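Novice: need a 3D model of the sequence below.
(2 chains)
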Amino acid sequence: MSFKSAMLEDLEVRGLIFQKTHDELDEALAEGPITLYCGFDPSADSLHIGNLLGICVLAHFRRHGHNPVALVGGATGLIGDPSGKSEERNQLSEEVLQKNLEGISNDLRKCLDRALEMHPETLGDVSRDEIPIVNNADWMKPWSFIEFLRDVGKSFRVNAMLAKDSVKTRLEEREQGLSYTEFSYMLIQAYDFLHLFKEHGCRLQVGGSDQWGNITAGTELIRRTTGDSAFGLTFPLITSASGQKLGKTEKGATYLNPDRNSPYEFYQYWVNREDADCERFLRMFTFMPHDEIDELASIIERGENRGDVQRRLAHEVTWLVHGKEEADKAVRASKMLFGEKIEGMTDRDLQSIFADVPSTSIERGRLESGIGILDLITETGLRGSKSDARRLVQDGGAYINNEKVDGLDHVVDTAQLASESMLVLRAGKKKYHVLAVE
RNA sequence: GGUGGGGUUCCCGAGCGGUCAAAGGGGCCAGACUGUAAAUCUGGUGGCUACGCCUUCGAAGGUUCGAAUCCUUCCCCCACCA
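Specialist: Got it, this is the predicted structure:
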């Protein structure tokens, strides 16, 4: 398939087109910059990796010179989108919602701005204007129920609503059912589109493939009330090559907010992607030139990947979400946390690298006179008993500053500090503990 | 209420007088290999002042030089009968 617009061409290559409402979108995009939007659900105080694709799609549009608008669902968040949900959602209190709105607006703004500082070689002619972040509560709240039913509800056929996938699936699962509240959700999202169309000249809504029903409800409403046509475009639902949902780990979702998941954890999420996912993810989530991605892909194809491709991917995405400085730090921390000898560091460095690692402080005097390794391992809680600690050392699984402890009678003293006042103990491959003298 | 079977270490499960800190498997912990993956392989898996000692086999008593193993009582599970 060939496109007139560079924009759709690019999205196609990136694998980001799932469905679009009509092909005229291509012409519209070729003619010049258009305004488009994507909505984000305030179900938590931070977005997570599952939301990242929407951000990236907006960013791709922005880098092509179009004008994205981000919508946060201050109104819809009070209702709950039934799309793709098997059960009725818990309603959020106004207070929590407010906090969530601030959190995700913050995430959105940062990412969308950083998207412009990356890869100038693929950056088009763009506007540096601040991206509008709008809240649908601002225009939904003033409506009275009666007025909304008369003005907006009139344009919806229940038959059509019932036919939508999001509604149909829920009704078929009789156990769950669907509240009137959630059933009405699509009216609000449809009205959002109409509102943005009128007020911001917004002609395109993008979203995940599960949003198709809500998006087309919007384009229909615009056609009925104004006679104009607006567009919808969805991107595919992303799963890993092995079928895992994007962003999910054993511990749950990985969030964009550094207070929830540190930049290091975020970076690690991407480092741990399978080979088979790397090329796709590089295209979707980074702004690297395609020939550069081709090159990385060929490394994997030749079977020569030693994790470099993942590290490259991780650095790019971490930069987008947490900034370059944090991304670089995550790279350094990863080296330390995966075996590189720790020495000649400052307390500050160690503190930031091992921020999430448990630590114990100890009196300077005790360390000066030396502490047996077995005592140290039990006191720091790395092992629960001395017998257990003994086994660890015998197995060769005990490390100080990433150097293997040589024997059971090893004595630790101040000479082994890796920085002014800290040293790093390790049990096995991953379990770290920071010891600090006070 | 009656009869039969059973409660073993993190879990499952063998053991039925000394050779039992207790087979085997799972899990877990390490190590090797590797790319911070998976798989595989190796070792370990009650505690301690450690070639020895102490505490563990539902609970409490008892027999015995010696008990997870035998006896008594109690508690709890399961099956069948009423």
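
Novice: pretty sure A:Arg332 is in a strand, no?
Specialist: No: going by DSSP: H, G, I helix; E, B strand; the rest coil, the assignment for A:Arg332 is helix, not a strand.

Novice: excluding chain neighbours, what is closest to it?
Specialist: Closest residue to A:Arg332 apart from its sequence neighbours, by C-beta to C-beta, 6 or more residues apart in numbering: A:Ile353 at 6.7 Å. For the C-beta atoms, the positions are set from N, CA and C on the backbone; glycine is no exception.

Novice: my guess is the one you found contacts A:Ser334, does it?
Specialist: No: using C-beta atoms under 8 Å, A:Ile353 is not in contact with A:Ser334; the gap is 9.1 Å.

Novice: between those two, which has more neighbouring residues?
Specialist: Neighbours per residue (other C-beta atoms under 10 Å) separate A:Ile353 from A:Ser334, with A:Ile353 holding more: 23 against 18.

Novice: mean confidence score for the helix or strand where A:Tyr432 lies?
Specialist: Per DSSP states H and E, A:Tyr432 falls inside strand A:431-437. For strand A:431-437, the mean pLDDT works out to 93.

Novice: ok, that strand: who's next to it in the sheet?
Specialist: As defined by DSSP bridges, the strand partners of strand A:431-437 come to strand A:359-362 (parallel), strand A:422-427 (antiparallel).

Novice: give me every residue that touches the residue nearest to A:Leu435 when sequence neighbours are not counted.
Specialist: Distances taken as C-beta to C-beta, 6+ apart place A:Leu423 nearest to A:Leu435, at 5.2 Å, with adjacent residues excluded. Taking C-beta atoms under 8 Å, 6 or more residues apart in numbering, we find A:Leu423 in contact with A:Ile400, A:Asn401, A:Val412, A:Gln416, A:Leu417, A:Val434, A:Leu435.

Novice: rerun at 6 Å
Specialist: Applying C-beta atoms under 6 Å, 6 or more residues apart in numbering to A:Leu423 gives the contacts A:Asn401, A:Gln416, A:Leu417, A:Leu435.

Novice: OK, contacts around the residue of the stretch 1-150 of chain A found nearest RNA strand B?
Specialist: The nearest approach of the stretch 1-150 of chain A to RNA strand B comes at A:Ile49, 16.8 Å away (C-beta to the nearest atom of the strand). By C-beta under 6 Å, 6+ apart, A:Ile49 lies in contact with A:Leu246, A:Gly247, A:Thr254.

Novice: again, only using 10 Å
Specialist: A:238, A:245-249, A:253-256, A:261, A:266, A:269-270, A:285, A:317, A:321 (C-beta atoms under 10 Å, 6 or more residues apart in numbering).

Novice: next one: A:Pro142
Specialist: So A:Pro142 contacts A:Phe148 (C-beta under 10 Å, 6+ apart).

Novice: confidence score at it?
Specialist: Value for A:Pro142, per-residue pLDDT: 93.

Novice: pull the longest helix from chain A.
Specialist: helix A:94-117 (DSSP state H).

Novice: what comes up buried for it?
Specialist: A:97-98, A:100-101, A:103-108, A:110-112, A:114-116 (16 or more other C-beta atoms under 10 Å).

Novice: so which bits of chain A are right by RNA strand B?
Specialist: A:268, A:271-272, A:274-275, A:305-307, A:310-311, A:334, A:338, A:378, A:384-388, A:390-392, A:395-397, A:427-431 (C-beta under 7 Å from any atom of the strand).

Novice: give me the subset of the residues you listed lying in strands.
Specialist: The strands, defined by DSSP state E, take in A:Ala427, A:Lys431 from those.

Novice: of the residues of chain A next to RNA strand B, buried ones?
Specialist: A:Gln268, A:Val271, A:Asp275, A:Gln310, A:Ser334, A:Thr378, A:Arg390, A:Leu392, A:Gly397, A:Ala427.

Novice: OK, contacts around the last one?
Specialist: If you count contacts by C-beta under 10 Å, 6+ apart, A:Ala427 has them with A:377, A:380-383, A:388-389, A:392-393, A:397-399, A:433.

Novice: ok, 8 Å please
Specialist: A:Ile377, A:Leu382, A:Arg383, A:Leu392, A:Gly397, A:Ala398, A:Tyr399, A:His433.

Novice: burial of the second one, as a residue count?
Specialist: Meaning A:Leu382. Quick note: A:Leu382 (other C-beta under 10 Å) scores 22 neighbours.

Novice: ok, for it, nearest residue in space, not its chain neighbours?
Specialist: A:Ala427 (4.4 Å).

Novice: ok so, going back, need the contacts of A:Leu423 in JSON lines (columns: neighbour count).
Specialist: Below are the contacts of A:Leu423 laid out as JSON lines (neighbours: other C-beta atoms under 10 Å):
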{"residue": "A:Asn401", "neighbour count": "19"}
{"residue": "A:Gln416", "neighbour count": "17"}
{"residue": "A:Leu417", "neighbour count": "21"}
{"residue": "A:Leu435", "neighbour count": "23"}
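
Novice: closest one to RNA strand B out of those residues, please.
Specialist: A:Asn401 (14.3 Å).

Novice: now do that closest one, the pLDDT please.
Specialist: A:Asn401 is assigned 94 on the pLDDT scale.

Novice: just give me the neighbour total for the closest residue to it other than its chain neighbours.
Specialist: The shortest distance from A:Asn401 to any non-neighbouring residue, by C-beta to C-beta, 6+ apart, is to A:Ile342 (4.2 Å). Neighbourhood size, A:Ile342 [other C-beta under 10 Å]: 24.

Novice: thank you kindly, that will do.
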